[in-house]
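Novice: pasting a predicted model and its sequence here:
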Amino acid sequence: MKAFLILEDGHVFTGRSIGSAREAVSEIVFNTSMTGYLEVLTDPSYSGQAVVMTYPLIGNYGICYEDMESDRPWVDGFIVRELSRMPSNFRSEDTIQHFLEKNDIPGICGIDTRALTKILRESGTMNGMITTDENYSLEEVMKKLKAYSTGDEVSKVSCQQKTVLPGDGYKVALLDLGAKRNIARSLNNRGCEVTIYPSHTSADEIIASHPDGIMLSNGPGDPKACGKVIEEIRKIYHTDIPVFAICLGHQLMALATGADTYKLKYGHRGGNHPVRDLETGRVYISSQNHGYAVDVSSLDPAVAVPAFENVNDGTNEGLKYVGKNIFTVQYHPEACPGPQDSGYLFDRFIRMMEVKKNA
Amino acid sequence: MPKNPEIKKVLVIGSGPIVIGQAAEFDYAGTQACRSLKEEGIEVVLLNSNPATIMTDKDIADHVYIEPLTTEVVKQLILKEKPDSVLPTLGGQAGLNLAMELDEQGFFEETGVKLIGTTSQTIKKAEDRLEFKSTMEKIGEPVASSLVVNNLEDGIAFARQIGYPVVLRPAYTLGGSGGGIAHNQAELEEILANGLRLSRVGEVLVERCIAGWKEIEYEVMRDSAGNVITVCNMENIDPVGVHTGDSIVVAPSQTLGDKEYQMLRTSALNIITELQITGGCNVQFALHPESFEYCVIEVNPRVSRSSALASKATGYPIAKVAAKIAIGYTLDEIKNAITGQTMASFEPMLDYCVVKMPRLPFDKFISAKRTLTTQMKATGEVMSICDNFEGGLMKAIRSLEQHVDSLMSYDFSHLDHDGLLEQLAVVDDRRIWVIAEAIRQGIPYETIHDITKIDLWFIDKIAILVEMEHALKTQELTADLLKEAKRIEFPDNVIAQLTGKTEAEIRAMRYDNGIVASYKMVDTCAAEFDAATPYYYSVYGSENEAEETSGRKKVLVLGSGPIRIGQGIEFDFCSVHCTWAFSKAGYETIIINNNPETVSTDFDIADKLYFEPLTPEDVESVVRLEKPDGAVVQFGGQTAIKLTEALMKMGVPILGTSAENVDAAEDRELFDEILEKCGIPRPKGDTVYTAEEAKAVAGRLGYPVLVRPSYVLGGQGMQIAINDEDVEEFIGIINRIAQDHPILVDKYLQGKEIEVDAVCDGEDILIPGIMEHIERAGIHSGDSISVYPARSISEKVKATIEDYTRKLARSLHVIGLINIQFIAVGEDVYVIEVNPRSSRTVPYISKVTGIPIVPLATQVILGKKIRELGYEPGLQKEADYYAIKMPVFSFEKIRGADISLGPEMKSTGECLGIAKTFNEALYKAFLGAGINLPKHKNMIMTVRDEDKPEAVEIAKRFEALGYNIYATKGTARALMEADVQVRMTRKLEQESPNILDLILGHQIDLVIDTPSQGVEHSHDGFVIRRNAIETGVNVLTAIDTAKALVTSLEDTDHKNLTLIDIATI
């Protein structure tokens, strides 16, 4: 079946429909990872977005359910050059085609994804529609595209009930803003008992449980749309509990302490971004997925200072909070997909909890 | 960390002659590194014995020494030039070994010279088997368990511990004979017992068998601050068991999930960190296809063939970055030259698929075994880029220039089901064609996978190509079907063949439906950033990114494709210099080539690089877009010459010598007319098509005669026939390699072979020098030792050669380069071959005369006259030193290949010996080729009857040098009669100890074995030569070479060689 990708700027790509045949209007973003499509599909941070994979051959190793980063795929749509007709991997349990169908995710294949990526790079992230309706009216579509904006994505993707991953080590409260599974797993593998809280949980409830540390997760959407959560995080800031935050969590902590965030032209999504640790000068290759960044010029140096920066474009990649046991990063030490080089940050968090506890 | 200010003068060691396993990739890496160092203001001293390289140009390094790569030479050079540092990681294993040896001798410590790039401790940790194993164990990286045993019991116990199957490798046996894979204890007992008996030292290595696992490579980099990155990973389609150099390789990996990808990536980074490498490193893994289990196979702490491939596959210039790291920079201080805005501390992301295929030499070594093993056999490789794997594979196949253009090119349809299953088990260069046939005959994927262990994903991709063949054969050719066929890169001629249409019809249908190639950019970042470097590949069904530029005049330079015997790195040297010369003249330059190992495919050589197959269709697609003002074909070897006609049809003017004149040199009748007009004699001969005609011609001329196909390079298929049977056999062989051109039969003249390269501007010629071959005519010029200046011909002969060259160049209206080979018999000079194009000797003669022939030829092509360029026409003044080009062979790598020299070229590379005296130059040339004598002072002679008189003289001279001479009966008798002390040895078929035992005893320096002319009907000589080669004994098969060798050993002060800086010539 034919499918069309119609962009807000009037570009139309014609390809074939994959997954669900339903129509989807979403923000179109691109990801440059060459592996890890299932992790991308199931990363809750993509809620409200349709993802273009720049690597042209997708689905080669099928679907290995244990690699899912949440219970279900969250992308609004999936855009690829070519889907492998026959997956091959010893763990593969399903084909990507079937997985998309089963989860009612629409998509399009057979289009020039590189040309599409270049448009997004030049004009910035924009809205688009995937449709199988050959008789679409461009005027109608444009109206829908102009009207679309990502809503309150966090509460959509966050868990609804608190769950506990047992462990003998430090007690970590993980505020699920759309957390990838590997955040909890990374802590749990280091012995932590991880309690995962829904995003609407009050700071008081978390503080009352006396965690050794609080972890703020990644998540979707515009950080400024999370007003309520920001207020709760401000309360957490004022305690002396060690805090480690990733991606959206990092942005929300910045907003909670008076700094500002802004939308990047086309974001960072992939597994090859270099970040520099400003303290040591060392550069790490990181996994990234964000469309917003913290505005460094808005930082109050008495509150927070930059700890990491992106080597490519100089944007902020992490903050250290002055006089606090709080550090936050924009990128993804939990990887999945992408490089595992920053896993040491979880160890740093554990040491922070250790120091605090022994103090 | 910025540049280390203490590094001011660096010695860069190259990799020496091109041999199998060490080819043009090191010229690419070395050239890039030297340029990278020079742009930092560092004075570069370069040492490499290979004169055909670009790195040995005086504009690449400040001081250039084309000297043998021995520790003595390096020591002398360091004392002479006083560099503060040595960079050894760019010259392959050769460079690394040299540095290690000198370090162990304490030479660097003594002289205060630093090894930069990587320390000797690091090299040792990576290269020494035991240290490597313990290092890997220390950081918890698995290696395949192994143990050296010297009795059956230990072997059984160890196998029980690691589990079956196990690989058994006896120590010190010929080509791994006596080894094998044991699947159970019974097999183990049998193979191990045999192996222990065969091993000279009674030792057998028992190793866990990982054959059939996925073979995955990572190219990683690290700087002195400890920053690490992965440039790319690659997956071998052929599982573990086939050398990665002989495997079809795809980048990035296709069948690995993120978990496996990251697991191995992290492992590779842990390894480079533990080894503390500063620069590039290659890590090879075996990954179990059905679990997360893996083993580290090998680590190369240097740039390598794989790193060259990774550089071209990603656009990330590994050697350039490695050189910057060596002098102190960190990755985040080095610019990514492709984007111009990001830094080298990132990981390239591909948005395409790269396929590499090996170029194997079985068309040259017909008797050799085609099987692929862990010993590399490929002489070169091709790479292709496409947005789908099928297309990448199809493009790579037709880039090979081995008469293959699809999965139907090798026909296995005669095999039935069982025959196919059997053939699938044969691991050779035609395996994917066998798989295609198996799919055609309905053999299930699983069956194919069980036998070959090739991943199902790749088998399915081959099936997609087979399905397209079927569709084209059975369905009506609609625009949609054509579009899909082109998307997966079926060439027009194959579509035509399958649909029963003509190629012209297919092309017309494509154009009518707008199905044309478009071009995408290799930008290192999957379009995330704007890239400035026009490095392109073609795809169908996508938007075109290659911007058509205008303004400047535009020239298309055609590269020479994969490195093969007969067409080596020399032509890349010529293509690159031609490109630079056009650039200097204000032209916009465009290169099309498909060889990832070369300098010409570096993205900053031409203004635009198209990484494409060199077929008329692929070239036409580029031409359609770029509309060049002209094309140069005379620098790209036969590959480019073959495209001349197609280019003319496209309406592209051929710059320089016209196509008709190229033809005239190849066309027997036209050429004879020209010779007659000029009054130049040539050996008598005729053109034939059949064996009958050939025998008739031979009868008329009288044997011996030279039989060869026209339009080939490197004398492929050329043979000396001494009787009718030979003629029949040779014609049979020639016709087997699909000849559509006539066959030439010439009277074979025995005389001095002379060669010249000349530049002609239409009127005047410039001959930099005359080269003379040591071996008599009958041995291919590429396999002969070549001496400049010619020393054994008279001034009159030289004048005749100059005169003939001028006449021929003028008559053929040569504009640019011409190469002519002559035979001098007494004072008579005959022409044997004329090539109106650049030749193998161009880089050599340019370097040793200091006359930049390629830039001059390019200027001439652009309309300049030789006189305007500051040269007096004619033969230039002779140098006051000797420069000798020595062929280098890779025989030990190709099992079953006959090593005797003849009219068909067999050498893979060359080295240079340059000195004030002839003997020293000769000594250096032999030394550079690896003939380092004397060792044991024992030698064997077995020569044909006609060589016996000369053999006596040679034997006497070796005797005087203190050699013990062994000889077989006939030769021994001749030597004894001449009072040479000789020990007679039994022939091969006689009981032990015989000649073979003598060779295998590792006490022999040299075997001189001259086979009889014509087809050799005795198998003895072949067996002796093979065994000698595989035991590491030097073998000479021409009496003239033997004479040269003994000459070089006389009167040379081997300890104090004189070193000559080529840059001062």
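Specialist: Good, I have the coordinates. Since the model is a prediction, treat every value here as computed from it, not as a measurement. Numbers count the residues shown, from 1 in each chain, chains lettered A, B, ... in the order given.
Novice: output the helix or strand bottoming out on mean pLDDT in chain B as PDB, nothing but the C-alphas.
Specialist: None of the helices or strands of chain B scores lower by mean pLDDT, DSSP states H and E than helix B:724-736, at a mean of 80. This file holds the C-alpha atoms of helix B:724-736, laid out as PDB (Å, rounded to 0.1, in the frame of the first residue of the first chain):
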ATOM      1  CA  ASP B 724      53.000 -27.700 -31.600                       C
ATOM      2  CA  GLU B 725      51.700 -29.300 -28.300                       C
ATOM      3  CA  ASP B 726      52.700 -26.100 -26.400                       C
ATOM      4  CA  VAL B 727      50.800 -24.000 -28.900                       C
ATOM      5  CA  GLU B 728      47.700 -26.100 -28.600                       C
ATOM      6  CA  GLU B 729      47.800 -25.900 -24.800                       C
ATOM      7  CA  PHE B 730      48.400 -22.200 -24.700                       C
ATOM      8  CA  ILE B 731      45.700 -21.300 -27.100                       C
ATOM      9  CA  GLY B 732      43.300 -23.400 -25.100                       C
ATOM     10  CA  ILE B 733      44.200 -21.400 -22.000                       C
ATOM     11  CA  ILE B 734      43.900 -18.100 -23.700                       C
ATOM     12  CA  ASN B 735      40.400 -19.000 -25.100                       C
ATOM     13  CA  ARG B 736      39.300 -20.000 -21.600                       C
END
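Novice: other SSEs contacting that helix?
Specialist: helix B:691-701, strand B:705-709, strand B:719-721, strand B:743-747 (3 or more C-beta pairs under 8 Å, 6 or more residues apart in numbering or on different chains; DSSP states H and E). C-beta: built from backbone N, CA, C; applies to glycine.
Novice: list the buried residues for it?
Specialist: B:726-727, B:729-731, B:734 (16 or more other C-beta atoms under 10 Å in any protein chain shown).
Novice: could the helices and strands packed on helix B:724-736 go into a markdown table alongside mean neighbour count?
Specialist: Listed next are the helices and strands packed on helix B:724-736 as a markdown table, based on neighbours: other C-beta atoms under 10 Å in any protein chain shown:
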| stretch | mean neighbour count |
| --- | --- |
| helix B:691-701 | 18 |
| strand B:705-709 | 25 |
| strand B:719-721 | 23 |
| strand B:743-747 | 22 |
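Novice: centroid-nearest residue for chain A?
Specialist: residue A:45 (3.4 Å; C-alpha atoms, centre = their mean).
Novice: looking at this, that one is in a helix?
Specialist: Yes: assessed with DSSP: H, G, I helix; E, B strand; the rest coil, residue A:45 lies in a helix.
Novice: give the contact list for it.
Specialist: Going by C-beta atoms under 8 Å, 6 or more residues apart in numbering or on different chains, residue A:45 touches A:74, A:178, A:180, A:218-220, A:247-248, A:289-290.
Novice: so which residues on the stretch 201-350 of chain A come close to chain B?
Specialist: A:270-274, A:276, A:281-285, A:311-312, A:335-341 (C-beta under 8 Å from any C-beta of the partner chain).
Novice: just the buried members of those residues?
Specialist: For those, buried by 16+ other C-beta under 10 Å: A:270-274, A:276, A:282-285, A:311-312, A:335-341.
Novice: poorly predicted segments of chain A, please.
Specialist: Low-confidence segments of chain A (pLDDT under 70): none present.
Novice: output the longest helix belonging to it.
Specialist: helix A:344-358 (DSSP state H).
Novice: can I get the longest strand along chain A as PDB, trimmed to CA atoms?
Specialist: When chain A is parsed with DSSP state E, its longest strand is strand A:260-277. Extracted in PDB, the C-alpha atoms of strand A:260-277 (Å, rounded to 0.1, in the frame of the first residue of the first chain):
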ATOM      1  CA  ASP A 260      16.000  28.500  31.300                       C
ATOM      2  CA  THR A 261      15.700  25.900  28.500                       C
ATOM      3  CA  TYR A 262      15.300  26.400  24.700                       C
ATOM      4  CA  LYS A 263      14.400  24.200  21.800                       C
ATOM      5  CA  LEU A 264      17.300  23.100  19.500                       C
ATOM      6  CA  LYS A 265      17.000  23.500  15.800                       C
ATOM      7  CA  TYR A 266      16.900  19.800  15.200                       C
ATOM      8  CA  GLY A 267      18.100  18.200  18.400                       C
ATOM      9  CA  HIS A 268      20.600  15.500  19.100                       C
ATOM     10  CA  ARG A 269      19.500  12.000  18.500                       C
ATOM     11  CA  GLY A 270      22.000   9.200  18.000                       C
ATOM     12  CA  GLY A 271      24.900   7.400  19.500                       C
ATOM     13  CA  ASN A 272      27.900   9.300  18.400                       C
ATOM     14  CA  HIS A 273      27.900  12.700  20.200                       C
ATOM     15  CA  PRO A 274      31.100  13.700  21.900                       C
ATOM     16  CA  VAL A 275      30.700  15.300  25.300                       C
ATOM     17  CA  ARG A 276      33.500  16.900  27.200                       C
ATOM     18  CA  ASP A 277      33.800  16.600  30.900                       C
END
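Novice: can you spell out which helices and strands pack onto that strand?
Specialist: Checking 3+ C-beta pairs under 8 Å, 6+ apart, strand A:260-277 ends up next to strand A:24-31, helix A:248-256, strand A:283-295, strand A:304-310, strand A:316-321.
Novice: of those, which is nearest residue B:747?
Specialist: Checking the helices and strands packed on strand A:260-277 against residue B:747 by C-beta to C-beta gives strand A:283-295 as the closest, at 67.5 Å.
Novice: where does the stretch 51-200 of chain A come near chain B, residue by residue?
Specialist: A:54-57, A:60-61, A:64, A:67, A:81-82, A:84-91, A:112-115, A:117-118, A:121.
Novice: quick one: low-confidence residue ranges for the stretch 301-450 of chain B.
Specialist: Judged by pLDDT under 70, no stretch of the stretch 301-450 of chain B qualifies at all.
Novice: can you list the residues of it near chain A?
Specialist: So the stretch 301-450 of chain B meets chain A at B:330-332, B:341-343, B:345-353, B:387-389 (C-beta under 8 Å from any C-beta).
Novice: spell out which residues make up each domain of chain B.
Specialist: The record's domain parsing of chain B by automatic domain parsing lists B:9-116, B:129-139+B:211-348, B:146-208, B:358-446+B:453-515, B:548-651, B:656-681+B:749-879, B:684-745, B:932-1049.
Novice: need these in CSV (columns: distance to residue A:24).
Specialist: Formatted as CSV, the domains of chain B follow (distance: least, C-beta to C-beta, whole Å):
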stretch, distance to residue A:24
domain B:9-116, 47
domain B:129-139+B:211-348, 25
domain B:146-208, 51
domain B:358-446+B:453-515, 25
domain B:548-651, 37
domain B:656-681+B:749-879, 58
domain B:684-745, 55
domain B:932-1049, 66
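Novice: what about the nearest residue to residue B:413 once chain neighbours are set aside, neighbour count?
Specialist: Closest residue to residue B:413 apart from its sequence neighbours, by C-beta to C-beta, 6 or more residues apart in numbering or on different chains: residue B:437 at 6.1 Å. Applying other C-beta atoms under 10 Å in any protein chain shown, we find 24 residues neighbouring residue B:437.
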